[in-house]
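Enquirer: Structure for the following, please:
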Amino acid sequence: MKIIYYKSLVCPRCIPTNRLIVQWRHEHPEIEIEEIEVLTHLGRALNDGVLGLPTLIVGDKRYHHAPPLEELLSATRTNRQAELSAA
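Expert: This is a model prediction of the structure:
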């Protein structure tokens, strides 16, 4: 299970999401969370279609805010099931 989290040090809306990411890592260490700073990885953000911050990508789902944890876990489970079915 992987979450890609696009953020920026200068993004005030990212601050609450940063706090939740810390909590999620503590409560669910099985979920891989890749944090990407857009100021240093703008090309990757543009290639991934990131138009605003924060952006969390789980499989084909995108969130432009920190969704409730249960919704995010549901998306990671759905994405994992799809990966297993494809294998």
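
Enquirer: could you say what helices and strands the host helix or strand of Ile4 packs with?
Expert: Per DSSP states H and E: Ile4 is located in strand 2-7. Helices and strands touching strand 2-7, as assessed by 3 or more C-beta pairs under 8 Å, 6 or more residues apart in numbering; DSSP states H and E, comprise helix 14-27, strand 32-37, strand 55-58, helix 69-86. Glycine gets a C-beta too; all of them are placed from N, C-alpha and C.

Enquirer: again, 10 Å this time
Expert: Counting contacts by 3 or more C-beta pairs under 10 Å, 6 or more residues apart in numbering; DSSP states H and E, strand 2-7 packs against helix 14-27, strand 32-37, helix 42-47, strand 55-58, strand 61-63, helix 69-86.

Enquirer: tell me the centre residue of the protein?
Expert: Central residue check for the chain by C-alpha atoms, centre = their mean: the C-alpha nearest the mean position is that of Leu56, 3.0 Å away.

Enquirer: Any idea how many residues pack against His65?
Expert: 11 (other C-beta atoms under 10 Å).

Enquirer: next one: Glu37
Expert: Glu37, neighbours per other C-beta under 10 Å, totals 15.

Enquirer: ok, now which ones touch it?
Expert: By C-beta atoms under 10 Å, 6 or more residues apart in numbering, Glu37 lies in contact with 5-9, 11, 14, 45.

Enquirer: Show me what it bridges to in the sheet.
Expert: Beta bridges link Glu37 to Lys7 when assigned by DSSP bridges.

Enquirer: For Tyr6, see how far away it is.
Expert: Counting by C-beta to C-beta, to the nearest Å, the gap from Glu37 to Tyr6 is 8 Å.

Enquirer: With that, I have no additional questions.
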